[in-house]
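Trainee: next one to model:
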Amino acid sequence: MLGLAHLDRPFDYLVDAADDETAVVGARVRIRFAGRLVDGFVLERRADSDHVGSLSYLDRAVSGEPVLTPELATLARAVADRYAGTMSDVVRLAVPPRHARTEARPADDVPPPPDAPDLAAWSSYQHADSFIGALRSESAAAPHAVWQAAPGEQWPQRLAELATAVAAAGRGTIIIVPDQRDLDRLASACEPLLGDRCVSLAAGLGPSTRYRRWLAIRRGAASVVAGTRSAVFAPVHNLGLVVVWDDGDDSLAEPRAPYPHPREVAVLRTHQQRCGFLVGGYSRTAEAQALVESGWAHDLVADRQTVRARMPRVLALSDSDARVMRDPLAHSARIPEMAFASARRAIAAGLPVLFSVPRRGYLPSLACAGCRTHVRCRACHGPVQLDQDRSGPGEILACRWCGRTERHFRCVECGGTRVRALVTGARRTAEELGRAFAGVPVVASGGSATVDAVESGARVVVATPGVEPVASGGYGAAIILDTWAYLDRADLRATEMAVRRWLAIGALVRAHGDGGELVLVADAGIRAVQAVVRWDPAGFAALELAQRAELGFPPAVTMASVDGLAADVTRFTDLIDMPAGADLLGPVPLPSGVRPPAGLADSSAAGAFDDESTDIERVLVRVGRRDGRKLAAALTQAQTRRNTKHETGPIRVQVDPHTIG
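Mentor: The predicted structure follows:
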């Protein structure tokens, strides 16, 4: 596996008689290429060759285990072509490293299919019966759906039931979730129904455990896979369904080339293996909505009466609300009186209250108290935060990027020596709420100190997005603070991500009939806030998709980004044979918050990733959706030309990047 665009093709080798039985299709081998030994896989055994000239022999067959099955090889090739990458990079994501001792163990017995589960809870969703019926059909139908989970839905249990139904029909299932917390919840729901038939795959597993579970899947001992990103490539036998939960989560954005998204890999696999497809969540991405509007997938949604009965009461700042009119500081206070009142009601009822804060730490963003200039590190120009001094009592200024401390701050603009907070972090918020609700326990979840669950009872929980603990019986109230920090991000997905976060928090709150309230400290007239007030993620996604189509942004178009040093990006774009109608946007500085390409992370050119940096640039190439494959092929060809010219400057090429800026 050579990893270079101009060498991204099969090569023919002779197989020695001693390796004949071991070098089966899909087996690992060692070959000599350009004078050095490299790893490879057997893609095909043939009696002839198209190569003109003499052939070399395999150096040796490493193992007779066919790990790269023909179906997996076909999928890897399709993903590489879709994302303008190389097949070897995709195979590294799909096939875990070999663990010889684990591989030598005998295969486990294949368990019998489980009993059919109770699917009554799915009856709340329109068209669910036909979707499940198609999955269980002996005709090997391939239904595609986008599931809009109702407020408060126990999604791990629903997905476990669905996987069990597919397993009872004799087929396999892959379920992809964003992170380990979600995976733990899903595995707990699957274990009573599926037992050893279900295995989980995640990056945190050790090499032996991960390879053992992966082999159990390939050998047919496990038919249901629950995992994170790369588990979408799991070699499940007779695959019947691929599920992606919460496809808008940043954790599903693959950081390794060619940067495939599990949702798109699942779509490719559905086409290839004629299996079912389901993407679900409390919210909906524009990409998922595009699948519905194209007719490729259909909706699985609950009726409005069910949604209204299960959602919490949603409150936002409205000038027509008498509570806001009576509070002159409602629009300026960080925690207005209506939020405190909601929290007090929940605590008085003996229920936990959740305060969601978008930033962890103490005071994570600072400015000069005199001129309001952002405080930046003198070493790397990164953002400076006020944190607790670990070496002694008190507080200290420290860079969030390089960790350098600033003992004697002086503003570069006005010479001032005092700072003010721009954002209040989760730890500082927990301190303030501890004083406001004296005698009530305060639980903080964020950063490295996350809490998975809290017991029922009066308590205040302060959490950052994505690590909110699950409360037994649901929260009595949830208050979302600093909503502007969600909406002010310079990112195409900022509004979509805000709605996704807010709906996920609202799903943790009790239904309004049980006293549950969700308070958004934001203007009720904002479109994203209205989507939460109405609990209408599908409608919001439809509007978002329409706006992107009007402006020419993904998923209405295919867009590729090229990141790197200015000279390298310019030379690369000159090598691209642009498809007809392609638009070239840029170059512009790399968006703030986007990591530079590999090889530039430690260079002086990448020292500052803010709006003033012009060393690292980004160019965007945009084409119509129908020309997406042509653009990917053109980018691959440009990479090939670049390699043959021995241009080695690090660049990053992404098709439909998750973050556009």
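
Trainee: other SSEs contacting the top helix by length along the chain?
Mentor: Longest helix in the chain by number of residues (criterion: DSSP state H): helix 628-644. When contacts are defined as 3 or more C-beta pairs under 8 Å, 6 or more residues apart in numbering; DSSP states H and E, helix 628-644 packs onto helix 70-82, strand 557-565, helix 566-574, strand 616-624, strand 651-655. C-beta here means a position set from N, CA and C on the backbone, and glycine is covered the same way.

Trainee: now those in TSV, with mean pLDDT and distance to residue 135?
Mentor: Formatted as TSV, the helices and strands packed on helix 628-644 follow (pLDDT from 0 to 100; distance: least, C-beta to C-beta, whole Å):
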stretch	mean pLDDT	distance to residue 135
helix 70-82	95	19
strand 557-565	92	30
helix 566-574	90	45
strand 616-624	91	34
strand 651-655	91	30
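
Trainee: picking that back up, show me which residues of the longest helix of the chain are buried.
Mentor: Neighbour counts over helix 628-644 (16 or more other C-beta atoms under 10 Å) mark 628-632, 634-642 as buried.

Trainee: gap between that helix and the chain center?
Mentor: 26 Å (C-alpha atoms, centre = their mean, to the nearest Å).

Trainee: what residues does the nearest residue in space to residue 455 that is not next to it in sequence make contact with?
Mentor: Sequence neighbours aside, residue 472 is the residue nearest to residue 455 in space, at 5.6 Å (criterion: C-beta to C-beta, 6 or more residues apart in numbering). Neighbour list for residue 472: 453, 454, 455, 456 [criterion: C-beta atoms under 8 Å, 6 or more residues apart in numbering].

Trainee: tell me what the second one is bridged to.
Mentor: It stands for residue 454. residue 471 (DSSP bridges).

Trainee: just checking, it touches residue 443?
Mentor: Yes: applying C-beta atoms under 8 Å as the test, residue 454 and residue 443 come out as touching, 5.8 Å apart.

Trainee: hey, C-alpha coordinates of stretch 632-645 in PDB?
Mentor: Provided in PDB are the C-alpha atoms of stretch 632-645 (Å, rounded to 0.1, in the frame of the first residue of the first chain):
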ATOM      1  CA  ALA A 632     -12.900  14.200  -7.700                       C
ATOM      2  CA  ALA A 633     -11.200  12.600 -10.700                       C
ATOM      3  CA  ALA A 634      -9.700  16.000 -11.700                       C
ATOM      4  CA  LEU A 635      -8.300  16.400  -8.200                       C
ATOM      5  CA  THR A 636      -6.800  12.900  -8.200                       C
ATOM      6  CA  GLN A 637      -5.200  13.500 -11.600                       C
ATOM      7  CA  ALA A 638      -3.800  16.800 -10.300                       C
ATOM      8  CA  GLN A 639      -2.300  14.900  -7.300                       C
ATOM      9  CA  THR A 640      -0.700  12.400  -9.800                       C
ATOM     10  CA  ARG A 641       0.800  15.200 -11.800                       C
ATOM     11  CA  ARG A 642       2.100  16.900  -8.600                       C
ATOM     12  CA  ASN A 643       3.800  13.600  -7.500                       C
ATOM     13  CA  THR A 644       5.400  13.100 -10.800                       C
ATOM     14  CA  LYS A 645       6.900  16.600 -10.600                       C
END
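
Trainee: which residues of the stretch 101-250 of the chain score low on pLDDT?
Mentor: Low-confidence segments of the stretch 101-250 of the chain (pLDDT under 70): 139-140.

Trainee: ok, which stretches of it are strands?
Mentor: In the stretch 101-250 of the chain, the segments counted as strands under DSSP state E, counting those that start in this stretch are 144-148, 172-176, 198-201, 224-227, 239-245.

Trainee: and the pLDDT for the nearest residue to residue 371 once chain neighbours are set aside?
Mentor: Setting aside the residues directly before and after it, residue 371 is nearest to residue 414 in space (C-beta to C-beta, 6+ apart), at 4.4 Å. Residue 414 carries a pLDDT value of 83.

Trainee: okay, now residue 414: neighbour count?
Mentor: By other C-beta atoms under 10 Å, the residues close to residue 414 number 13.

Trainee: do I have it right that residue 187 meets residue 200?
Mentor: Yes: contact criterion C-beta under 8 Å: residue 187 and residue 200 qualify, at 4.9 Å.

Trainee: joint contacts of the two?
Mentor: Common neighbours of residue 187 and residue 200 (C-beta under 8 Å, 6+ apart) are residue 226.

Trainee: compare the two (neighbour count), which wins?
Mentor: residue 200 (23 against 20).

Trainee: list the contacts of the more buried one.
Mentor: So residue 200 contacts 183, 186, 187, 213, 225, 226, 227 (C-beta under 8 Å, 6+ apart).

Trainee: where does the residue positioned nearest the centre of the chain land on pLDDT?
Mentor: The geometric centre of the chain, computed from its C-alpha atoms, lies nearest to residue 252 (C-alpha atoms, centre = their mean), at 2.1 Å. Looking at residue 252, its pLDDT stands at 94.
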